[in-house]
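Undergrad: no sequence on hand, only this structure:
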DNA sequence: TGTGAAATTTGACATACATCAATGCGCGTC
DNA sequence: GACGCGCATTGATGTATGTCAAATTTCACA
């Protein structure tokens, strides 16, 4: 699949690559490839050796673990313009599975080549470490939520995350993935997800219409997310 | 507090510092300091600016979060010879609290100075990234356990972690921290911890004597940890 | 060695959430 | 436009774990 200029522009936007010269970036891109994915298609599997990291151009990617009995836990979702697996380059093997949940396009960067760039470009190392640091922070927050917050709180938090910056009173949002997937992401069952939504609805905090949700009272939702109960 | 040779030897053992010359290491150590801590004493608090990272020399350190109502969640425990907070240098602020749970000695490294070393020593950057990678892996496993494993499974896993390599059938271990703390570490209540232990005891898998625990059937415990139920 | 506070254990009870099951809805496909 | 298949919703029920409370043990410190 040929790389069009548009792709390169998008890649340039990543802060991880900010310190690369035009030439270095072109080199990096030349060692990578565009990958088209069908809905449900796997990108890599847990414990597989890690040869690539990825940038989402279009679609949605789920990063997940499987338990022995086949239960799936979605650890994170990667939307367009987001990198994933860039922080596991030094681990050798992927720590989880990645699959597209809808038709998607990703760009695959070559780990070996990127590592070579890292060797000569300390600023790039710093960028990657900053990226890893953010990743780590997110994980700690995740554990915090799972252990210190209830399902209702986590769902409220998730809804509020979808609200654009600066919106104060109410906001209309869309769920970009099936509720099934969000439930797994939040560590609850789909049935529980549905029931919590029903409660928020009957409490007058939200109105729902399929994947479109009107958050009628952001204040109340924020309170719900913050306070135990 | 003066640094004795013994301290420097211990610091040298850290793989993070493997690429440092004797001189660089001495420089690093000269910019740091030994800190003596009483039981319960705080080392740093969440959201505080990050100026140091640490190596435990003696004692035990808990890394934890607090919820709004004061509930404590122990995210990790650092034993002697373990580094902590080395992966948050690039974040700017500590993402959690750190405190000694018994009289402890830690060595505090200066982040600024270490960052300066990083600039000129790419191998050091690689070491740090490897360290961060391991940290990340641990976090993913942690989320996996919290969402996909039951309290009983997590406790069994914890007990098995205390068993030295190569032991096959049975093993005598010691809990190095109060059960209260382990319970928080595992994301369960102390009462639940106690009850699970009682069940393992009545199932003939373990015998207990305060903080000393005899794991009578490692196979059964491993099965319990792996299989749901 | 005694004393008090903290940790642990045990019991009774409450509850959030999971599970099982059935129905309904939406959506893509032919 | 009809069919079929996931996904979503709702109800009934089960259960692991939390909460509250009290008794008991452990341990640090005087």
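TA: Now that the structure is in, tell me what you want to look at. Owing to the predicted nature of the structure, the values given are computational and were not obtained by experimental measurement. Numbers count the residues shown, from 1 in each chain, chains lettered A, B, ... in the order given.
Undergrad: what comes into contact with the helix or strand of chain A with the lowest mean pLDDT?
TA: Across the helices and strands of chain A, mean pLDDT, DSSP states H and E gives its lowest value to helix A:5-13, namely a mean of 85. Helix A:5-13 is contacted by residues A:17, A:25, A:26, A:29, A:34, A:55, A:57, A:81, A:107 when judged by C-beta atoms under 8 Å, 6 or more residues apart in numbering or on different chains. Placement of C-beta: from N, CA and C, glycine included.
Undergrad: mind checking which of these are buried?
TA: Among those, those buried by neighbour count (16 or more other C-beta atoms under 10 Å in any protein chain shown) are A:17, A:25, A:29, A:34, A:55, A:57, A:107.
Undergrad: burial measure for residue A:162, as a count.
TA: Under the neighbour criterion other C-beta atoms under 10 Å in any protein chain shown, residue A:162 is assigned a count of 14.
Undergrad: now it: phi and psi?
TA: Here is the backbone geometry of residue A:162 (degrees, to the nearest 10): phi -80, psi -10.
Undergrad: neighbours around the residue lying closest to it once chain neighbours are set aside, how many?
TA: Nearest non-adjacent residue to residue A:162, counting by C-beta to C-beta, 6 or more residues apart in numbering or on different chains: residue A:173, 4.1 Å away. Counted with other C-beta under 10 Å, the neighbours of residue A:173 add up to 18.
Undergrad: swap in residue A:37?
TA: 20.
Undergrad: what of the one 5 residues further on?
TA: Counted with other C-beta under 10 Å, residues neighbouring residue A:42 total 11.
Undergrad: relative to residue B:136, how far out is it?
TA: 21 Å (C-beta to C-beta, to the nearest Å).
Undergrad: just the buried ones among the contacts of helix A:5-13 now: which is nearest residue B:181?
TA: residue A:55 (41.3 Å; C-beta to C-beta).
Undergrad: ok, and does the strand or helix carrying residue A:138 reach over to chain B?
TA: Taking DSSP states H and E as the definition, residue A:138 sits inside helix A:122-148. Yes - using C-beta under 8 Å from any C-beta of the partner chain, helix A:122-148 reaches chain B at A:122, A:125-126, A:128-130, A:132-137, A:139-144, A:146-148.
Undergrad: just the buried ones among the residues you listed, please.
TA: A:122, A:125-126, A:128-130, A:132-133, A:135-137, A:139-140, A:142-144, A:146-148.
Undergrad: would you map the strands across chain A?
TA: A:33-37, A:42-44, A:52-58, A:61-66, A:72-78, A:83-84, A:97-100, A:104-110, A:171-174, A:206-209, A:212-215 (DSSP state E).
Undergrad: residue B:74: which of these is closest?
TA: strand A:72-78 (21.3 Å).
Undergrad: now do that closest one and helix B:122-148, the angle between them.
TA: 130 degrees (axes from the mean of the first three to the mean of the last three C-alpha atoms, to 10 degrees).
Undergrad: bridged to the closest residue to residue A:52 other than its chain neighbours, which residues?
TA: In space, and not counting its chain neighbours, residue A:52 is closest to residue A:108: 4.2 Å by C-beta to C-beta, 6+ apart. On the basis of DSSP bridges, residue A:108 takes part in beta bridges with residue A:33, residue A:54.
Undergrad: neighbours of residue A:108, how many?
TA: Per other C-beta under 10 Å, the neighbour tally for residue A:108 reads 18.
Undergrad: could you list the domains of chain A?
TA: A:5-147, A:149-226 (automatic domain parsing).
Undergrad: can you add distance to DNA strand C and give the ones you listed back as CSV?
TA: Shown next, in CSV, are the domains of chain A (distance: least, C-beta to the nearest atom of the strand, whole Å):
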stretch, distance to DNA strand C
domain A:5-147, 8
domain A:149-226, 3
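Undergrad: please identify the deepest-packed of these.
TA: domain A:5-147 (a mean of 17; mean count of other C-beta atoms under 10 Å in any protein chain shown).
Undergrad: close to DNA strand D, is that one?
TA: No - counting by C-beta under 7 Å from any atom of the strand, DNA strand D is not contacted by domain A:5-147; separation bottoms out at 8.4 Å.
Undergrad: for residue A:205, see how far away residue A:221 is.
TA: Taking C-beta to C-beta, one finds residue A:221 at 6 Å from residue A:205.
Undergrad: what do these two both touch?
TA: Between them, residue A:221 and residue A:205 share the contacting residues residue A:215, judged by C-beta under 8 Å, 6+ apart.
Undergrad: quick one: contacts for residue A:136?
TA: B:87, B:88, B:91, B:95, B:132, B:135, B:136, B:139.
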